[in-house]
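Colleague: Only the shape, not the letters, is given here:
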């Protein structure tokens, strides 16, 4: 049996070490909105650089009324009396 030549290894980008986050880096802690006193960041951690803002809301536009009358209406008192008389 012939020896198998070594294959080329694919060049993968080296993984960067993740920056260790702390509670001081959190948006809520930086803006004095955090009530927790923990040694490590909590599950609600948000980076302070994100400048948390709510998404822009859609404008409320009233639709034009297309009907001049309702599609159905209850019978008037006179019409009900005529039906049951």
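Modeller: Great, that's in hand. Please read these numbers as outputs of a predicted model, since none were measured by experiment.
Colleague: residue nearest the centroid of the protein?
Modeller: By Cα atoms, centre = their mean, the chain has its centre lying nearest to residue 55, at 8.8 Å.
Colleague: next SSE after the helix or strand bottoming out on mean pLDDT in the chain?
Modeller: Among the helices and strands of the chain, helix 27-30 carries the lowest confidence by mean pLDDT, DSSP states H and E, at a mean of 86. Downstream of helix 27-30, the first helix or strand assigned by DSSP states H and E is helix 77-84.
Colleague: Pull out the buried residues from stretch 41-51.
Modeller: By neighbour count on 16 or more other Cβ atoms under 10 Å, the buried set for stretch 41-51 is 41, 45. Backbone N, C-alpha and C define where each C-beta goes, glycine included.
Colleague: which residues touch it?
Modeller: Stretch 41-51 is contacted from outside by 21, 22, 23, 25, 26, 27, 28, 30, 36, 52, using Cβ atoms under 8 Å, 6 or more residues apart in numbering.
Colleague: Report pLDDT for the last one.
Modeller: Note for residue 52: predicted pLDDT of 69.
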